[in-house]
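Colleague: Here is a sequence together with a model predicted from it:
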Amino acid sequence: MTHVIDGNAVAESVRDDVRAAIDDLEAEGVTPGLATVLMGGDDGSATYVSMKQRACEEVGIDGTTVEIDPDEPAEALYEVIDDLNDDPAVHGILVQMPLPDHVPKREVLSRVDPLKDVDGFHPENVGRLVSGNPRFKPCTPHGIQKMLAAADVDPEGMDAVVLGRSEIVGKPMANLLMQKADGGNATVTVCHSRTRDLAEKTRNADLVVAAVGRPEMLTGDMLSEGTVVIDVGTNRVDADTEKGYELTGDVDFESAKQKASVISPSPGGVGPMTITMLLYNTVTAASLQSGVDVEL
Ligand code: GUN
């Protein structure tokens with residue numbers, strides 16, 4: 001029997017821990033605050049930002065969204081970030097990606113106060129993660145670690161294949177899986193668009209994390225029996241629905257499920273975990289900045 005991970009259920013249990021930590025902060029007069037900055041972006045960006053805002057309200061985080069016209073110069077975004085860095089009520093700052101082409105992403109990521117960088121994308125936080133001393137683990141791979149633990153999957157000793165080398169998912173996922181720490185200790189292969197014979201790599205894997213943004217590219221014939229499969233993809237594909245599209249993962253769920261021992265579907269798997277870990281990191285940030293200890 002294949003275990004299909006219910007991302008919403010795992011997310012809800014982590015949110016219980018987050019709510020308890022928020023109660024501890026509130027008892028000391030600290031309300032965690034998260035500011036999300038939206039400057040244009042793709043079709044999904046506005047939707048994601050409003051989902052993040054709603055999730056904040058639901059657990060008791062003071063969430064605000066700052067919108068900047070995508071035609072404004074990069075300096076307009078820098079000013080907003082500087083103000084949020086200086087605002088003591090804001091513990092976490094998230095600048096929604098992607099940014100307009102004229103805005104230099106690296107400048108932006110470096111501008112966010114590393115203690116407020118709840119995405120974990122500031123070079124200081126990336127460096128800390130890679131060197132084995134993470135402050136904020138990036139939300140999606142962190143959520144996947146939590147999901148694996150909840151499904152009793154320990155990556156220790158596994159051959160893990162990460163499909164995709166993005167800064168947001170692939171690279172930090174590979175790093176977390178190889179760390180000498182709980183939820184790590186795997187032997188990790190990172191595959192990408194230039195990888196030769198991808199199926200040979202995935203067939204030799206015990207664990208595959210698919211994060212490439214190509215609808216249903218990982219199929220059952222590319223997997224061995226008993227593989228653990230995590231689908232990070234949320235691709236919009238044309239469909240005869242009210243919206244004119246539907247969301248589909250990077251994994252062909254039906255054929256992969258025939259081979260997998262554990263599989264997380266998309267939608268309904270990693271997505272809810274990503275937002276939950278943003279709440280988690282915001283509470284961690286509020287704790288670090290206020291000096292009030294919380295258990296998470
Ligand atoms: N765009 C897609 N995923 C993310 C994320 O995790 N953080 C930010 N800031 N932007 C994103």
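Modeller: Perfect, I can see it now.
Colleague: which residues of the stretch 151-296 of the chain fall in helices?
Modeller: Assigned by DSSP state H, counting those that start in this stretch, the helices in the stretch 151-296 of the chain fall at 170-178, 198-203, 253-259, 270-290.
Colleague: Out of the ones you listed, the one nearest the ligand is which?
Modeller: helix 270-290 (6.1 Å; C-beta to the nearest ligand atom). All C-beta atoms are positioned from the backbone trio N, CA, C, and that covers glycine.
Colleague: Give me the mean pLDDT for the closest one.
Modeller: Helix 270-290 comes out with an average pLDDT of 98.
Colleague: on contacts alone, who are the packing partners of it?
Modeller: In terms of contacts (3 or more C-beta pairs under 8 Å, 6 or more residues apart in numbering; DSSP states H and E), helix 270-290 is packed against helix 7-27, strand 33-38, helix 45-59, strand 92-95, helix 139-150.
Colleague: Now do it against helix 45-59, angle only.
Modeller: 60 degrees (axes from the mean of the first three to the mean of the last three C-alpha atoms, to 10 degrees).
Colleague: where's helix 270-290 relative to the chain centroid, distance-wise?
Modeller: Here helix 270-290 is found 11 Å from its chain centre; the criterion is C-alpha atoms, centre = their mean, to the nearest Å.
Colleague: Same check on stretch 238-246?
Modeller: On C-alpha atoms, centre = their mean, the centre of stretch 238-246 falls 26 Å from the chain's centre.
Colleague: Return the residues of this structure in contact with the ligand.
Modeller: Within the chain, the positions near the ligand by C-beta under 6 Å from any ligand atom are Leu94, Val95, Gln96, Met97, Asp119, Cys139, Thr140, Ile168.
Colleague: Quick check: the farthest pair among those residues?
Modeller: Maximum pairwise distance in the residues of the chain next to the ligand, criterion C-beta to C-beta, is 15.8 Å, between Val95 and Thr140.
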